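**Student:** Curious how this folds, go ahead:
(one chain, ligands or ions: 1)
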Amino acid sequence: MKHIYMDNNATTAVRPEVLEAMLPFYREQFGNPSSVHWAGRAVSGAVEKAREQVATLINCAPAEIVFVSCGSEGDNMAIKGTAEALREKGNHIITTSVEHPAVLNTCEYLEKQGFRVTYLPVDKDGMLDLKELEAAITAETILISVMWANNETGNLYPIEEIGAIARKYKVRFHTDAVQTVGKIPVDVQKANVDLLVLSGHKLGAPKGVGAIYIRRGTRMNALIHGGHQERNRRAGTYNVAGIVGLGLACELAGAEMAESAVRIAGLRDRLQEGIMSAIPEIKLNGHPTRRLPNTLNISFAYIEGESLLLNFDMKGIAASSGSACTSGSLEPSHVMGAMCVDVVLAHSSTRFSLGRDNTEEEVDYVLEILPPIVQRLREMSPLYNRKEPLSCEECQVIRKVH
Ligand SMILES: Cc1ncc(COP(=O)(O)O)c(C=O)c1O
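**Tutor:** Residues are numbered from 1 along each chain as shown. As a prediction, this is how the structure comes out:
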């Protein structure tokens, strides 16, 4: 059976060159970079080289990069570290209703600690109204946290403009760029961000390593206390091999970005157009143009996303569903909910996230097997077989479109 991986927003394969570069640090170069002896010295240079590689990709100074274990840790550090450090100044945080749980659940935690959080709504395309953002800022606001790109829809948020607003009101600005770094150009200077988080496993480096950019002079508390690593910003013995892998993955992503973004967007568009021309009653979720080059989120009315994924899986295709099965109850994703996607459509939301290894042949294979699967699942659906059209407004709209 063919194996086709179209779930690169969940994680990516470690690039072979990255793995090669990492291996010596599990073998002969096993030292702890904090040790002053030969074994430590042999690897501390590699950590600093990786720091430079990461810094170059996002246009900051190497000293502004702190290595962490993953995107979730970076987001926790940015938000909790700011909240604690600036508590005297204010207790209000602004974020959006479509953030990753790494941000949303951290904000919810802080609410329990007495902080006030504004969760900005989005429109039906998942976009923010920046006037609402500006209006939410008060003298108490200490942090604005807006993701650069959404993991489910691929929507890109206007980070430069938000950065300018944050600057105007002298409010710190954090962006979760876990889905962005490595896919499109990211420049922390242009974007006016103070804190930015990225994660290795989304860009061809291994799981278990990430980084946070902390603008020079930004006062914030550490999340992990212990040794003096990372200038006291983040304790813990260095994950040297992971850091080396992250550095190389960043360098490769930077070198290939222009070409690979165009190629991947071409494949994504081929997939989108193929689906749209072959299957009626579907809905594109998210903004049609302001989105990552690799992401396509689409709802197939009357179908459970999970059943579609199961059928895909049997054909060797890995994609992802927008609904998460939590404790027995099928809850549509909070992102679909925030966009007011009708519940029938939200349940069928399916995310294809392409990567550098995907080919035209793979897209064509998906296009070949998808329509009959959708048709078969629809025939089994009581909703599809109803004589009456669905009451949901959006479903009626898509019925008319096709
Ligand atoms: C937007 C976004 N933020 C944060 C994370 C968490 O990153 P990690 O898996 O490295 O903890 C993810 C992972 O899917 C993500 O997509």
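**Student:** Next one: the residue in the stretch 201-350 of the chain positioned nearest to the ligand from Gly245, what distance?
**Tutor:** Relative to the ligand, the nearest point of the stretch 201-350 of the chain is Gly210 (5.4 Å; C-beta to the nearest ligand atom). Any C-beta I mention is one placed from the backbone N, CA and C, and that applies to glycine too. Separation of Gly210 from Gly245 (C-beta to C-beta, to the nearest Å): 11 Å.
**Student:** and what of Gly355?
**Tutor:** Distance of Gly355 to Gly245, computed by C-beta to C-beta: 17 Å.
**Student:** Common neighbours of Gly210 and Gly245, please.
**Tutor:** Gly200 (C-beta atoms under 8 Å, 6 or more residues apart in numbering).
**Student:** ok, back up a step: around the residue of the stretch 201-350 of the chain closest to the ligand, how many other residues sit close by?
**Tutor:** 29 (other C-beta atoms under 10 Å).
**Student:** Same question for Glu88.
**Tutor:** 7.
**Student:** now it, what's its secondary structure?
**Tutor:** Put simply, Glu88 is coil when judged by DSSP: H, G, I helix; E, B strand; the rest coil.
**Student:** so what pLDDT did it get?
**Tutor:** You'll see Glu88 listed with a pLDDT of 96.
**Student:** Return the distance of it relative to the ligand.
**Tutor:** Glu88 sits 29 Å away from the ligand, going by C-beta to the nearest ligand atom, to the nearest Å.
**Student:** swap in Pro371?
**Tutor:** The gap separating Pro371 from the ligand is 29 Å, by C-beta to the nearest ligand atom.
**Student:** do the same with Ser145
**Tutor:** 11 Å.
**Student:** List the contacts of that residue.
**Tutor:** 78-79, 93-96, 99, 103, 107, 173-176.
**Student:** Mind doing that once more with 7 Å?
**Tutor:** Applying C-beta atoms under 7 Å, 6 or more residues apart in numbering, one finds that Ser145 lies in contact with 79, 93, 95, 103, 174.
**Student:** That one bridge partners, please.
**Tutor:** Per DSSP bridges, the residues bridged to Ser145 are His174.
**Student:** Now do the strands for the stretch 201-350 of the chain: every range, in order, please.
**Tutor:** For the stretch 201-350 of the chain, strands defined by DSSP state E, counting those that start in this stretch occupy the ranges 210-214, 282-284, 295-300, 317-318, 320-321, 324-326, 329-331, 349-353.
**Student:** Comparing those strands, which yields the minimum mean pLDDT?
**Tutor:** The bottom spot among the strands of the stretch 201-350 of the chain, by mean pLDDT, belongs to strand 324-326, with a mean of 47.
**Student:** Spatially nearest residue to the residue in the chain that the ligand sits nearest to (excluding sequence neighbours)?
**Tutor:** Closest approach between the chain and the ligand, counting by C-beta to the nearest ligand atom: Gly71, at 2.6 Å. Leaving aside its chain neighbours, Gly71 sits nearest to Ser199 (3.4 Å; criterion: C-beta to C-beta, 6 or more residues apart in numbering).
**Student:** Likewise for His3?
**Tutor:** In space, His3 is closest to Gly316, 4.9 Å off (C-beta to C-beta, 6+ apart).
**Student:** mind listing what the one you found touches?
**Tutor:** 1-4.
**Student:** tell me, what residue is most central in this structure?
**Tutor:** Against the mean C-alpha coordinate of the chain, by C-alpha atoms, centre = their mean, the closest residue is Gln179 at 3.2 Å.
**Student:** if I look at the closest residue to it other than its chain neighbours, how far off is Val335?
**Tutor:** Residue nearest to Gln179 in three dimensions, not counting chain neighbours: Ala149, with 4.3 Å by C-beta to C-beta, 6+ apart. For Ala149, the distance to Val335 (C-beta to C-beta) stands at 12 Å.
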